[in-house]
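K.L.:
Give me the fold of what follows.
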Amino acid sequence: KLANEIELNYVTNGLFRWDDLVDTSFGFVKGAEKGALQRFLDNNFYYRQPVIKGKIEFAGDDNKFIKDLRFSKEVKEEVGLKSKLKAVILGPVSYYLLSVDEYYKNPVDAITDYSLVVNSLLKNISDVVEVVEIHEPMLLKKGVGNEILEKVPEVYRSMLSGVGLEKHLITYFEIENPKRLDTIFSLPVDYYGIDVVDNLKKLGKVYPYFSGKKVYLGVLDSRNTKMERLIT
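P.N.:
Numbering: from 1, shown residues only. This next block holds a predicted model:
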């Protein structure tokens, strides 16, 4: 009711059935097992780390992730919610860098296989959601090898090939390498998300990329319990 009253354009299902964002991958990916709890970048949020034990494959068109989204769609329709429903997933680069790889000899092979899994997933949920929200916080971090970076545009093209959903690419936390913005804003998505809270002093480098693009600006620190002042 509140979402309708304030006319929200988009909603997610809140990932209530999952422990964290990374945990959603276990719902549609075969080849990885749940490992230890790890800190999610530089904050007090933890995630269950995937341990890649075999070839990354699609878990099938009736997997837990899809079932969860179908239930969310039913609830949305039952309450008459007009907002577009988003599927929230982890991007290929962040999935790999937040995992432990015990199978692949080349990280590009792992990222490519994950992107193909996501492609299958998105085609299978085209009748369930209107939007996919892809989280890629690791793309703006240091330590991403050139062999990965060079392949990111190709990986994203194959991942989103033939996918008719609206596509949102979300990054957050500090932009440690501003040159990566070239890669981010070249990817074939409809909206780009940038964290303003952690990058106030770097916005001058970010603004030029906004020309002709649709963007999200993260202005509230949702992982911090401190009260924040509204400023302009």
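
K.L.:
and the residue lying closest to residue 215 once chain neighbours are set aside, bridged to which residues?
P.N.:
Closest residue to residue 215 apart from its sequence neighbours, by CB to CB, 6 or more residues apart in numbering: residue 192 at 5.1 Å. Any C-beta I mention is one placed from the backbone N, CA and C, and that applies to glycine too. Residue 192 forms beta bridges with residue 169, residue 215, as assigned by DSSP bridges.

K.L.:
if I look at residue 192, how far off is residue 58?
P.N.:
27 Å (CB to CB, to the nearest Å).

K.L.:
didn't residue 48 look like it was pressed against residue 20?
P.N.:
Yes: shown here, residue 48 and residue 20 form a contact pair, counting by CB atoms under 8 Å, at 6.7 Å.

K.L.:
out of these two, which sits in the more crowded spot?
P.N.:
residue 48 (18 against 14; other CB atoms under 10 Å).

K.L.:
would that one count as being in a strand?
P.N.:
Yes: assessed by DSSP: H, G, I helix; E, B strand; the rest coil, residue 48 belongs to a strand.

K.L.:
how much space is there between it and residue 110?
P.N.:
18 Å.

K.L.:
now residue 125
P.N.:
Applying CB to CB, the value for residue 125 to residue 110 is 23 Å.

K.L.:
cool, and residue 132?
P.N.:
21 Å.

K.L.:
Kindly report the same for residue 23.
P.N.:
Distance from residue 23 to residue 110, by CB to CB: 19 Å.

K.L.:
Who does the residue positioned nearest the centre of the chain form a beta bridge with?
P.N.:
For the chain, residue 135 is the residue whose C-alpha lies nearest the centre (CA atoms, centre = their mean; 1.9 Å). Beta-bridge pairing of residue 135 under DSSP bridges involves residue 90, residue 170.

K.L.:
wait, isn't it in contact with residue 168?
P.N.:
No: using CB under 8 Å as the test, residue 135 is too far from residue 168 to be in contact (9.4 Å).

K.L.:
Residue 62: how many residues sit nearby?
P.N.:
Neighbours around residue 62, by other CB under 10 Å: 9.

K.L.:
helix, strand or coil for the closest residue to residue 80 other than its chain neighbours?
P.N.:
Of all residues not flanking residue 80 in the chain, residue 4 sits nearest, at 7.0 Å (CB to CB, 6+ apart). Each residue gets one of three states, and residue 4 gets helix by three-state DSSP.

K.L.:
and if you look at residue 31?
P.N.:
strand.

K.L.:
re earlier: settle it for me: which of residue 192 and residue 58 has more neighbours?
P.N.:
Neighbours were counted for residue 192 and for residue 58 using other CB under 10 Å; residue 192 has more, 21 against 18.

K.L.:
just checking, that one touches residue 169?
P.N.:
Yes: Residue 192 is within contact range of residue 169, at 5.5 Å (criterion: CB under 8 Å).

K.L.:
and for the two, which residues touch both?
P.N.:
residue 184 (CB atoms under 8 Å, 6 or more residues apart in numbering).

K.L.:
At which residues are the strands of the chain located?
P.N.:
Under the criterion DSSP state E, the chain contains strands at 10-11, 29-39, 46-58, 84-90, 100-101, 131-135, 166-170, 191-195, 214-218.

K.L.:
List the buried residues for the second one?
P.N.:
Buried residues in strand 29-39, counting neighbours by 16 or more other CB atoms under 10 Å, are found at 29, 31, 32.

K.L.:
Give me the contacts around the helix or strand bottoming out on mean pLDDT in the chain.
P.N.:
Taking mean pLDDT, DSSP states H and E as the measure, the chain has helix 2-5 as its least confident helix or strand, at a mean of 76. Here helix 2-5 makes contact (CB under 8 Å, 6+ apart) with 11, 80, 81, 82, 83.
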